[in-house]
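Participant: Give me a model of this one.
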Amino acid sequence: MNSFLCLLACLLAVAYAPTTTRSPHQHNTHQTTRHHGHHLTHAPPIGEGFSFRYDPKSHRLAVVNNHKCWIYHPSDAEQSTIKDIHTLRDLEVKLIQQIDNTPTGTSLSHSDLGLMSPLLAHLCHSDWPIVILN
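Facilitator: Predicted structure coming up:
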């Protein structure tokens, strides 16, 4: 029994171990290391830094990445289930795919976003492009 628990603990440790190591003082920038005279560049983080924020008052969802904001208006069905973490994750994946497939959309001014949702206007800086997804 103890050997089974030990094996299980080792498998979990390997499964959840980070793929790259960073010191607490490093940032999420590309790190170049020297190994036997070669320069190796680490890949950027897989998540690419997407941030999501839902405003329950305006029923809008903002997606932020690389100093750009996308605004999405969830359907009534999505709004009714948005508090479920699985539904929210599925919606986030859908939005990332939509952004990747159609990177352009309808522009929205920061002042118009402020009228629509002060919360999301605070998230999206005034000098960033703001795009409506739907």
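
Participant: So in the protein, which helix runs the longest?
Facilitator: helix 85-101 (DSSP state H).

Participant: What lies in contact with the very next helix or strand once past that one?
Facilitator: Scanning forward in sequence from helix 85-101 by DSSP states H and E, the next helix or strand is strand 106-107. In this structure, residues lying in contact with strand 106-107 by CB atoms under 8 Å, 6 or more residues apart in numbering are 129-132. Every residue, glycine included, has its C-beta placed from N, CA and C.

Participant: So which of these belong to strands?
Facilitator: Judged by DSSP state E, those include 130-132 as members of strands.

Participant: between the residues you listed, which is closest to Pro74?
Facilitator: Using CB to CB, Ile132 is the member of the ones in strands among the contacts of strand 106-107 that lies nearest Pro74, at 13.0 Å.

Participant: Look at the closest one and say how many residues are nearby.
Facilitator: 17 (other CB atoms under 10 Å).

Participant: The residue nearest to it when sequence neighbours are not counted and Leu133, how far apart?
Facilitator: Spatially, and ignoring its direct neighbours in sequence, Ile132 is nearest to Thr106 (4.4 Å; CB to CB, 6 or more residues apart in numbering). In this view, Thr106 and Leu133 are 9 Å apart by CB to CB, to the nearest Å.

Participant: what's the answer for Gln79, then?
Facilitator: To Leu133, Gln79 is 15 Å away according to CB to CB.

Participant: same deal with Thr102?
Facilitator: Using CB to CB, Thr102 is found at 8 Å from Leu133.

Participant: Stretch 99-119: which residues count as buried?
Facilitator: Using 16 or more other CB atoms under 10 Å as the test for burial, stretch 99-119 gives 99, 105, 108, 113, 116-117, 119.
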